[in-house]
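S.K.: Make a model of this:
(chains A, B, C and D)
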4 protein chains.
Amino acid sequence: MCRWLAYWGTPVLLDTILYKPAHSLIDQSLHSKLGVETTNGDGFGVGWYSAHNDTPALLRDVGPAWNNRNLRELADHVRSPLFFAHIRASTGTAVQQSNCHPFRHGRWMFMHNGAIAGFPLMRRELTLLVDPGLYSDIEGTTDSEVMFYLALTFGLERDPPAAVATMAGVVERIGREHGVEFPLQMTLALTDGERVWAFRYSTAQASRSLFYSSRVDALRRLHPDLGFLQHVSGETRLIVSEPLGDLPGAWNEVPENSYGVVQPGNDELHRFAPVAA
Amino acid sequence: MCRWLAYWGTPVLLDTILYKPAHSLIDQSLHSKLGVETTNGDGFGVGWYSAHNDTPALLRDVGPAWNNRNLRELADHVRSPLFFAHIRASTGTAVQQSNCHPFRHGRWMFMHNGAIAGFPLMRRELTLLVDPGLYSDIEGTTDSEVMFYLALTFGLERDPPAAVATMAGVVERIGREHGVEFPLQMTLALTDGERVWAFRYSTAQASRSLFYSSRVDALRRLHPDLGFLQHVSGETRLIVSEPLGDLPGAWNEVPENSYGVVQPGNDELHRFAPVAA
Amino acid sequence: MCRWLAYWGTPVLLDTILYKPAHSLIDQSLHSKLGVETTNGDGFGVGWYSAHNDTPALLRDVGPAWNNRNLRELADHVRSPLFFAHIRASTGTAVQQSNCHPFRHGRWMFMHNGAIAGFPLMRRELTLLVDPGLYSDIEGTTDSEVMFYLALTFGLERDPPAAVATMAGVVERIGREHGVEFPLQMTLALTDGERVWAFRYSTAQASRSLFYSSRVDALRRLHPDLGFLQHVSGETRLIVSEPLGDLPGAWNEVPENSYGVVQPGNDELHRFAPVAA
Amino acid sequence: MCRWLAYWGTPVLLDTILYKPAHSLIDQSLHSKLGVETTNGDGFGVGWYSAHNDTPALLRDVGPAWNNRNLRELADHVRSPLFFAHIRASTGTAVQQSNCHPFRHGRWMFMHNGAIAGFPLMRRELTLLVDPGLYSDIEGTTDSEVMFYLALTFGLERDPPAAVATMAGVVERIGREHGVEFPLQMTLALTDGERVWAFRYSTAQASRSLFYSSRVDALRRLHPDLGFLQHVSGETRLIVSEPLGDLPGAWNEVPENSYGVVQPGNDELHRFAPVAA
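M.R.: Below is the predicted model of the structure:
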């Protein structure tokens, strides 16, 4: 499977989040504690928004994140208020740039940890449900990218939670039609550059781990000595596959069957359920 | 576009054909004379049969052939009686291993130079015509690979010329339905490890160049001093996008609208026409 | 050999300079007009200064620039007031990231087009002259990197023209001791993030091409309709291996045996000669 | 550090040794049990002798072995009586093809697991001891490659154990001169295509693990049901960083301070000690 991280808040050097923490995503690429595999070395990607372009930038490559010098360079020189990072552990699908997350469509980014069980059996059927106008934009061969294009087909740009719920419903229906008992396993993140949506769900009710950071203003009271917390706004938020360290009070599990929204003002946490479709 | 080469005959070191000739395929990767682009640097592939396995081996990579050390090593150490080699010039499709020719299915290999005009418009429609049982084997995003899987769908393993004719007919029909005047441009090669089929065709009747070598026994009489010709059987044959040198009498253009078969005994040259489907 | 480009002036998106011009560096990677080779596909690099770090950032990779998606992404999202870009055509040295220009040492960047003739013969002798404290920072195997470390050894950080002159003198002396008639061929660029130095010299007095752009304020009078010229300061300057287009009055050849300095205020052009050492 | 494997004996498909065993080298690239790191994903190499060329062939690449398709293809199609395979875990040195083992010089191959402690401090001094005629053949930046070239300098091609002993002595002397208490840690393998030498030594007398397989004729009596053992000669031998499985009686630890020779007829095991030099 994979590990990922979403950052929303005060602009920071990517390094601050990607490399500095004790159990950073880069460390997780070699030593994941909560993942299915300890190693996530089958490619990586980072996508970030900047002031210079409406669409996010992507750096993706096929080698491991831990030894990639271009990623190290970018992390030292790029600041961003909103970025996604992903490290991949392939379960057999080709290790190629077009299979690396995050995926992008216009202003939107999408990344995923999990799998559609039996995907080779239903790849054709699911891909056929993608809007024909979007079909030729599919560049890779992962289940994740098809999930993204299905969600786009079902209205992601208007109502992300509804579109994801429909996508999940379709995957479960078609999975069951192929005799797969537990078709869907997902923690996924979406953004339009303004807000971040993060979902945790699996048909089997045994979803991969997902955590969100506590409100920075609360953490500041707990840890007045931590410099980093003084330099970011109270609204700054991280969502991660596994905690970046063991700071007491810092990490909260996203409950099963739910999704969160990180946005200006109060963030939200809601129930999530696939919609039959 | 691309350049390719097919070898059939007495087992030789790959080097003899891939690097040694004055205008070898490796030289063509930098200095193609007859191609649409002089540079073919967007990946390469070589596929060869050996005594150790029923299926051919593939070495494919995303960088240019001219500086690839693993290709250079293999060429110096692998002998084969039948191999394909291909250098790619992408027209925008992702440069990734799964888009490098030759493609393989069981004992079969396929490689292509040319394009389906307007492919993004009809990618979905064409892909849907691929046998559902084969669909999930498609790993890349090229028109070439879809042409291969369409031909497999239409009976390639039973009757290659008929399957290719049906594939070509389908591409032309769907192309025209999308308002494309000249949908198909192709020189392609196929093999099952016993015989090689090579096709030259384009809707516009302006096909990319394709040549076959003269019979070795005839060449020997013309060039009794050439050592190479003494060491290969009289039936040894090359089919190439462009001649590997300017040996008088060595190269013959494959006519428009035709295909050749290289096989034990007499080789054949036939008319080719798409079959409406 | 190679092609390169140095930009100094008003911060711009890298895209403006790297991709937009008719005969951009990316175009030169496939179709160089003035280079020794038309293709420069053996790796590339871009190095840029930003507000977020004292040292420049590097993106370097081993494939061709023309099909690299990470470079395309960066160019669309990164702005900089001072950047170097380089495309490589190897003459046999390994195609690896550590052989890609620009090279970096602290705040300094260095890039080069040319060669030390007979470098394998004198690699050891030249490398021994590198300051022992710098020796272990050499990561690749090019003559260019050794030239950089020699110049650093001879005081590059205090007086770049003098250090380059000493380096050139040393290369010529050791070359001649090995019987090489014309040891040095170079156009090279240096920067500390404030100023850019560019040198054109060859022992044979037949140096590779090098051009600098005319002053923007003069160009504005010639081409009042060109939007780009309105958006950059009068001092903005480009130095390039070959012109990025054919705008009348825009490009001036750097004379043989000379070096230029691009800096705040008036730029300079001086004679260059190796210093015997 | 790294893991490696040397095979000598009856020609087999590389797959038989590289992928088939339960704890194969490919498995070790993700899940090493006895190594310093569980992951060895910073490049790999395989070198093999064939009937077609006096020198061994090399396939080396910078990504992990576990997802490399070209390695998978070769393993399925290449047979060899003598091959080396190596998976790398870099401790900071660049991840590039020229730093991947095995290294080759003429008919000779060399691979290594371990390190010279403080190598950056003494890289220059050690490299200077390499025969000037060999210096320019050094292509990478690892301590391992310098060890190989030192051994070549000290007569590797005439007397491998003596040359390795002198190399080890030199490394220890120069290390101590730099205040390094335990300069050398090595398990290394050498071959000329006829015999294989394998060394286990470390200054601290705490060497990395190294094992050799029991004689096949003895193993056949223990495990008469194992098909593989029936198909290879009684002299077939493996030397490995860690056992490929847990077959009782199959694996024997190479003692500290010793080296073995695998050759036609009786193999040998001798004491090893550095020679002051």
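
S.K.: going forward, measure contacts between C-alpha atoms and count neighbours the same way
M.R.: Fine.

S.K.: which parts of the stretch 51-200 of chain A sit against chain B?
M.R.: A:94, A:96-98, A:120-121, A:123-124, A:128, A:132, A:135-136, A:139-141 (Cα under 8 Å from any Cα of the partner chain).

S.K.: Look up how far A:R195 lies from A:G265.
M.R.: Distance from A:G265 to A:R195, counting by Cα to Cα, to the nearest Å: 11 Å.

S.K.: Those two - which one has more neighbours?
M.R.: A:R195 (14 against 7; other Cα atoms under 10 Å in any protein chain shown).

S.K.: Okay, that one and chain C: tell me how far apart.
M.R.: 20 Å (Cα to the nearest Cα, to the nearest Å).

S.K.: again with A:D54
M.R.: 9 Å.

S.K.: Verify the contact between that residue and A:R107 for me.
M.R.: Yes - with contact defined as Cα atoms under 8 Å, A:D54 and A:R107 form a contacting pair (6.5 Å).

S.K.: Spit out the contact partners of A:F84.
M.R.: A:4-7, A:46-48, A:102, A:111 (Cα atoms under 8 Å, 6 or more residues apart in numbering or on different chains).

S.K.: Check A:F83 too.
M.R.: A:6-8, A:46-49.

S.K.: of those residues, list those near chain D.
M.R.: Okay, of the contacts of A:F83, nothing touches chain D (Cα under 8 Å from any Cα).

S.K.: Sketch out the strands for the stretch 151-277 of chain A, chain order is fine.
M.R.: With DSSP state E, counting those that start in this stretch as the criterion, the stretch 151-277 of chain A has strands at A:184-191, A:196-202, A:211-213, A:237-240, A:251-253, A:258-262, A:268-271.

S.K.: Now render those as TSV, adding mean neighbour count and mean pLDDT.
M.R.: Listed next are those as TSV, based on neighbours: other Cα atoms under 10 Å in any protein chain shown; pLDDT from 0 to 100:
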stretch	mean neighbour count	mean pLDDT
strand A:184-191	24	98
strand A:196-202	25	98
strand A:211-213	21	95
strand A:237-240	25	96
strand A:251-253	16	95
strand A:258-262	21	98
strand A:268-271	13	97
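
S.K.: Export the ones you listed to CSV and append columns for distance to D:E73.
M.R.: Listed next are those as CSV, based on distance: least, Cα to Cα, whole Å:
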stretch, distance to D:E73
strand A:184-191, 32
strand A:196-202, 36
strand A:211-213, 41
strand A:237-240, 37
strand A:251-253, 43
strand A:258-262, 43
strand A:268-271, 47
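
S.K.: I'd like to know the beta-bridge partner residues of the nearest residue to A:S207 once chain neighbours are set aside.
M.R.: Leaving aside its sequence neighbours, A:S207 sits nearest to A:Y201 (Cα to Cα, 6 or more residues apart in numbering or on different chains; 5.6 Å). In this entry, A:Y201 is beta-bridged to A:M186, by DSSP bridges.

S.K.: likewise A:V240?
M.R.: Here A:V240, judged by DSSP bridges, has bridge partners A:L5, A:F211.

S.K.: Hmm, A:W8 and it touching each other?
M.R.: No - applying Cα under 8 Å as the test, A:V240 and A:W8 come out as separate, 11.7 Å apart.

S.K.: Spit out the contact partners of A:G140.
M.R.: A:G140 touches A:96, A:98-99, B:139-141, counting by Cα under 8 Å, 6+ apart.

S.K.: A:T10 is in what secondary structure piece?
M.R.: Assigned by DSSP states H and E, A:T10 belongs to strand A:2-13.

S.K.: Remind me what that strand packs against, helices and strands.
M.R.: With contacts defined as 3 or more Cα pairs under 8 Å, 6 or more residues apart in numbering or on different chains; DSSP states H and E, strand A:2-13 has these neighbours: helix A:25-31, helix A:69-77, strand A:79-88, strand A:108-116, strand A:237-240.

S.K.: Centre of the chain to that strand, how far?
M.R.: 10 Å (Cα atoms, centre = their mean, to the nearest Å).

S.K.: pLDDT of it, averaged?
M.R.: For strand A:2-13, the mean per-residue pLDDT is 95.

S.K.: what sits up against the biggest helix by length in chain A?
M.R.: As assigned by DSSP state H, the longest helix anywhere in chain A is helix A:160-177. Outside helix A:160-177, the residues within contact range by Cα under 8 Å, 6+ apart are A:116-118, A:122, A:125-126, A:147, A:150-156, A:181-184, A:197, A:203, A:272-277.

S.K.: Next, work out how far apart A:D131 and A:I138 are.
M.R.: For A:D131, the distance to A:I138 - Cα to Cα - is 11 Å.

S.K.: re earlier: from the residues of the stretch 51-200 of chain A next to chain B, which single one is nearest chain D?
M.R.: A:A94 (8.4 Å; Cα to the nearest Cα).

S.K.: since we're on that closest one, how many residues are nearby?
M.R.: A:A94, neighbours per other Cα under 10 Å, totals 23.

S.K.: coming back round to it: drop anything exposed from the contacts of helix A:160-177.
M.R.: A:116-118, A:122, A:125-126, A:147, A:150-156, A:182-184, A:197, A:203, A:272-275 (16 or more other Cα atoms under 10 Å in any protein chain shown).

S.K.: Could you tell me the least trusted of the helices and strands packed on strand A:2-13?
M.R.: Looking at the helices and strands packed on strand A:2-13, the bottom one is helix A:25-31 with a mean of 89.

S.K.: so what's A:W251 closest to, chain neighbours aside?
M.R.: Among residues not flanking A:W251 along the chain, A:S213 sits closest, at 4.7 Å (Cα to Cα, 6+ apart).

S.K.: same question, A:L229
M.R.: Closest residue to A:L229 apart from its sequence neighbours, by Cα to Cα, 6+ apart: A:R220 at 6.1 Å.

S.K.: Who are the contact partners of that neighbour?
M.R.: Contacts of A:R220 by Cα under 8 Å, 6+ apart are A:226, A:229-230.

S.K.: Alright, I will stop here.
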